[in-house]
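J.: following is a predicted model, sequence given first.
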Amino acid sequence: MSRLTSLPATFTTSTALGRGVHPRELYRWRDDGDVVELSRGVFRQADAPPASYPDLLAVALRSPIAIVCCRTAAAVYDLSDEIPLSVQIAVPTRQRPPRITYPPTEVFRFDVVNFELGLSRIEAAPDEWVRIYDPARTVIDLMRLRGRFGEPLAHAALQRYLRRRGARPPELLSMATRLDVLGPVRQALDVAMAQ
């Protein structure tokens, strides 16, 4: 057990092996309930403080370069009432998309040039952080992918964003320009602000 307490609250199999834990010991901890397997090869100590976003934490450890995006980010920021059926993440276009079956994960490939535009992070568990696009980037991505997700989701997210304290419409327009969706965003912004 002393080896377990020396590991982070959430850790991967490779982290445990790197600290001298034998695979049999790791799986004994799992079978005895000392750790919970969040995803294949990702474990969390059973007595660790509860994680606010265990699925996001599991996906982040499986794919450290990934950034939480789209519907999942909208749910985190309360830009949507929709409960996503999968964790949506973005990876750079040149990166091989991770294959994660649990938790269910949907991968988007975003252009390398603007991949980290709007990058932020949230605390998924105490002192454990996950990369996520900020609210403005989330709105812009929903507008860019409105053909896939539907216009109602994109427009509702925009309206909720505008009602937030600290909403910055000029930032939305600047980001929309960089992500080549200025026309639709400007039009939706004009309609939303006229209401």
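T.: Thanks, I have the structure now.

J.: pLDDT weak spots in this protein?
T.: 1-2, 195 (pLDDT under 70).

J.: try it again with 90
T.: Low-confidence segments of the chain (pLDDT under 90): 1-7, 16-23, 41, 81-84, 94-98, 100-101, 147, 150-151, 164-170, 181-195.

J.: the helices in the protein, which residues?
T.: Secondary structure of the chain by DSSP state H: the helices cover 2-5, 13-18, 23-32, 54-62, 70-76, 135-144, 146-149, 151-163, 169-178, 182-194.

J.: save these as CSV, and put in distance to Leu38 and mean neighbour count too.
T.: All C-beta atoms are positioned from the backbone trio N, CA, C, and that covers glycine. Shown next, in CSV, are those (distance: least, CB to CB, whole Å; neighbours: other CB atoms under 10 Å):
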stretch, distance to Leu38, mean neighbour count
helix 2-5, 16, 12
helix 13-18, 12, 15
helix 23-32, 11, 14
helix 54-62, 4, 24
helix 70-76, 16, 25
helix 135-144, 24, 26
helix 146-149, 26, 14
helix 151-163, 28, 18
helix 169-178, 32, 16
helix 182-194, 36, 14
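
J.: so which of those is nearest Ser39?
T.: helix 54-62 (3.9 Å; CB to CB).

J.: so which elements touch that closest one?
T.: For helix 54-62, the elements it packs on are strand 10-12, strand 35-39, strand 42-45, strand 67-68, strand 87-92, strand 119-125, strand 128-133, judged by 3 or more CB pairs under 8 Å, 6 or more residues apart in numbering; DSSP states H and E.

J.: could you count how many residues lie near the nearest residue to Ser14 once chain neighbours are set aside?
T.: Once flanking residues are discounted, Ser14 sits nearest to Gly41: 7.5 Å by CB to CB, 6 or more residues apart in numbering. Residues within reach of Gly41, counting by other CB atoms under 10 Å, total 16.

J.: next one: Ile100
T.: Residues near Ile100, counting by other CB under 10 Å: 21.

J.: and if you look at Glu106?
T.: For Glu106, using other CB under 10 Å, the count is 16.
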